[in-house]
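> take a look and give me a structure for this.
(2 chains)
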Amino acid sequence: MKRVKTRFKVNGKTVELELEPRRLLVSVLRDDLGLTGTHHGCDTTNCGACTVLMDGKAVKSCTVLGVQADGKEILTIEGLAGKDQLHPIQQAFIEKQGLQCGFSTPGMIMTSCWMLSQNKELGDEEIKRMLHGNICRCTGYHGIVESIKYAHKIMKKQEANKQ
Amino acid sequence: MFPRSFDYFAPKNLSEALVLLQDANSNVKVLAGGQSLIPALKTRSSPLISSLSSVVDITRIKDLDYIRKENPMYKIGALTTVGTLENDLEISTSLPILHDASSEIADPLVRNLGTVGGNLCHGDPVNDLPAPMIALNAFVVLCSLAGERKINVEDLYVSPFKTTVRPNEILTEIQIPFQESRCGNAYRKVKKGSGGFTIAGVAANLSLEDDNTVSACRLALTGVGPRALRPLKAEEALIGKRLKKVVLVGVSKLAIDVSQPPSDLYASAEYRRKILGILVKDALECAHKRAAMGNYEKS
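Alright, predicted model coming up:
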């Protein structure tokens, strides 16, 4: 089967690949581009460990073909931190213990990133609803919700300082 | 899991897509969001894709993503994502049944990619949008190079994964007639786990007279038959009645009578029948409340 030329941005850098159409975005990111922060979890669209942002929206990269990324901007966990500073969400997950084993964490953080980009009020219930697609088998959801709330606070503060 | 090899086409507009599909047979599948198709491709087991040779990815067709209000109907572009439908304020207030259904499909990440057209075309009896669309008496527009045809959503389904959409056609638009003034609708379902498949669901859409008797009613059921079912006798039994407990019990029974629920990994047929009765009552009560209040009450 014919390979398809696929050009897209990952964490701000343009990449061009010749992809077999059946390849999934998660394996293109991990195996071709070495971005192993995006985890390969359940592989059945359930767990959300493979969550990345595609054109700003959180999607499950095990359920997107690599060739579908053509022309899009992908953001993975590796693209989140600044040069020598963690992203507020990463900082918040550390401070509020939003992780135990850490396997689901890249997905949790990318979903949080999408959630927090929408400028809406986030109560506990809304955060939990938005996290439906990300599963943590350490069942550390309490810490995760706290982390997201804390990150929201830091980001609001940063925004206010900017103005 | 990797799918078998296939050829991939990503047309930029509808006419390019229709040309690609013109000689298509069942070996060609349209990808409209991929949240059902890609999992099926990965398991390699679905009869849907046993002989698949190519995928036509229509997600790059930009002008099929819209929600418009054009008297006397709402028009929804087939590539509108389920998430967009869920968050549309006009839809949430005027057609809350669609908010009920879309906000409970899988999880927010899946809804970011899954589309309304894809959900309607997939043909899985547990897809959530067919029943509400049937309850709303919605139509779909199917396009091919030969032209357009418009059919009622009720006539879209044959049996599991088998629809009347021809291999050379693309579903482009969903049309939903404006509802009457004292009309209310709701969708209630039970699913397996937070993001899991629907076990059973009920869509109810009813209109009330000034004295709160039911003047018109459409019901549709998810997951309890080979396709979304309409319990006609249950609908008839409601006409001219007030929504009292004894009426609801009778209507639930009539709905259970037409159901042909499967027993599978997720639930037994007996459990599905039991749940169905409760859901009929819940959906009707919520629809009634919304009709009496003017459809704005969300819960």
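
> please save the CA atoms from the strand or helix carrying A:A160 in PDB.
For A:A160, the element it lies in under DSSP states H and E is helix A:141-162. As requested, the backbone C-alpha atoms of helix A:141-162 are provided in PDB (Å, rounded to 0.1, in the frame of the first residue of the first chain):
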ATOM      1  CA  TYR A 141      -8.200  11.200  41.200                       C
ATOM      2  CA  HIS A 142      -8.500  13.300  44.300                       C
ATOM      3  CA  GLY A 143      -4.900  14.600  43.900                       C
ATOM      4  CA  ILE A 144      -5.400  15.100  40.100                       C
ATOM      5  CA  VAL A 145      -8.500  17.200  40.600                       C
ATOM      6  CA  GLU A 146      -6.700  19.300  43.300                       C
ATOM      7  CA  SER A 147      -3.700  19.700  40.900                       C
ATOM      8  CA  ILE A 148      -5.900  21.000  38.100                       C
ATOM      9  CA  LYS A 149      -7.600  23.500  40.500                       C
ATOM     10  CA  TYR A 150      -4.300  24.700  41.700                       C
ATOM     11  CA  ALA A 151      -2.900  25.000  38.200                       C
ATOM     12  CA  HIS A 152      -6.000  27.000  37.200                       C
ATOM     13  CA  LYS A 153      -5.200  29.300  40.100                       C
ATOM     14  CA  ILE A 154      -1.500  29.800  39.100                       C
ATOM     15  CA  MET A 155      -2.400  30.400  35.500                       C
ATOM     16  CA  LYS A 156      -5.100  33.000  36.400                       C
ATOM     17  CA  LYS A 157      -2.500  34.700  38.600                       C
ATOM     18  CA  GLN A 158       0.100  34.700  35.800                       C
ATOM     19  CA  GLU A 159      -2.500  36.100  33.400                       C
ATOM     20  CA  ALA A 160      -3.400  38.900  35.800                       C
ATOM     21  CA  ASN A 161       0.300  39.700  36.300                       C
ATOM     22  CA  LYS A 162       0.800  40.000  32.600                       C
END
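
> that helix packs against which elements?
Using 3 or more C-beta pairs under 8 Å, 6 or more residues apart in numbering or on different chains; DSSP states H and E as the contact test, the elements touching helix A:141-162 are helix A:88-95, helix A:105-116, helix A:124-130. C-betas here are computed from N, CA, C, even on glycine.

> let me see the mean pLDDT of the first one.
Pointing back at helix A:88-95 there. Confidence over helix A:88-95, taken as the mean pLDDT, stands at 97.

> report the angle between it and helix A:141-162.
With axes from the mean of the first three to the mean of the last three C-alpha atoms, to 10 degrees defining the directions, helix A:88-95 sits at 140 degrees from helix A:141-162.

> buried residues in helix A:88-95?
A:P88, A:I89, A:Q90, A:Q91, A:A92, A:F93 (16 or more other C-beta atoms under 10 Å in any protein chain shown).

> chain A versus B:N212, what's the distance?
Going from B:N212 to chain A by C-beta to the nearest C-beta, to the nearest Å gives 33 Å.

> how about the backbone phi and psi for that residue?
With angles defined as degrees, to the nearest 10, B:N212 shows backbone torsions of phi 70, psi 20.

> surely it meets B:M293?
No - counting by C-beta atoms under 8 Å, B:N212 stays clear of B:M293, with 11.6 Å between them.

> so which of those two has more stuff around it?
Between B:N212 and B:M293, B:N212 has the larger neighbour count (other C-beta atoms under 10 Å in any protein chain shown), namely 14 against 11.

> re the thing from before, TSV for the helices and strands packed on helix A:141-162, including distance to B:A40?
Supplementary listing: the helices and strands packed on helix A:141-162 in TSV, determined by distance: least, C-beta to C-beta, whole Å:
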stretch	distance to B:A40
helix A:88-95	34
helix A:105-116	22
helix A:124-130	26
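
> rewinding a little: looking at the buried residues of helix A:88-95, which one is closest to chain B?
Comparing the buried residues of helix A:88-95 against chain B with C-beta to the nearest C-beta places A:I89 closest, at 16.4 Å.

> residues contacting that closest one?
Applying C-beta atoms under 8 Å, 6 or more residues apart in numbering or on different chains, one finds that A:I89 lies in contact with A:L80, A:I109, A:S112, A:C113, A:L116, A:S147, A:I148, A:A151, A:M155.

> dump the residues you listed into CSV; add pLDDT and neighbour count as well.
What follows is the contacts of A:I89, written out as CSV (pLDDT from 0 to 100; neighbours: other C-beta atoms under 10 Å in any protein chain shown):
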residue, pLDDT, neighbour count
A:L80, 97, 19
A:I109, 98, 25
A:S112, 98, 30
A:C113, 98, 23
A:L116, 97, 20
A:S147, 98, 27
A:I148, 98, 28
A:A151, 97, 26
A:M155, 95, 16
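
> in three-state terms, label the residue of chain B positioned farthest from its centre for me.
Distance from the centre of chain B peaks at B:D211, with 31.5 Å (C-alpha atoms, centre = their mean). Look at B:D211: counting by DSSP: H, G, I helix; E, B strand; the rest coil, its state is coil.

> so which bits of the stretch 101-250 of chain B are right by chain A?
When proximity is defined by C-beta under 8 Å from any C-beta of the partner chain, the stretch 101-250 of chain B lies next to chain A at B:A106, B:D107, B:P108, B:L109, B:V110, B:N112, B:L113, B:S194, B:G195.

> at 6 Å instead, please
When proximity is defined by C-beta under 6 Å from any C-beta of the partner chain, the stretch 101-250 of chain B lies next to chain A at B:D107, B:P108, B:L109, B:N112, B:L113, B:S194, B:G195.

> quick check on the residues you listed: which are buried?
Buried subset of those (neighbour count, 16+ other C-beta under 10 Å): B:D107, B:P108, B:L109, B:N112, B:L113, B:G195.

> now the third one: closest residue in space that isn't a chain neighbour?
The one in question is B:L109. Once its chain neighbours are removed from consideration, B:L109 has its nearest residue in A:G133; the separation is 3.9 Å (C-beta to C-beta, 6 or more residues apart in numbering or on different chains).

> need the contact list for that neighbour.
A:G133 sits next to A:G48, B:D107, B:P108, B:L109, B:G195 when contact means C-beta atoms under 6 Å, 6 or more residues apart in numbering or on different chains.

> one more pass at 8 Å, please.
The neighbours of A:G133, taking C-beta under 8 Å, 6+ apart as the test, are A:G48, A:T51, A:A58, A:K60, A:T111, B:A106, B:D107, B:P108, B:L109, B:V110, B:G195.

> now do it against A:H152, distance only.
Distance, A:G133 to A:H152, by C-beta to C-beta, to the nearest Å: 19 Å.

> now A:K128
Distance, A:K128 to A:H152, using C-beta to C-beta: 14 Å.

> compare neighbour counts for these two and give me the winner.
Taking A:K128 and A:H152 together and counting by other C-beta under 10 Å, A:H152 has the greater number of neighbours (19 against 14).
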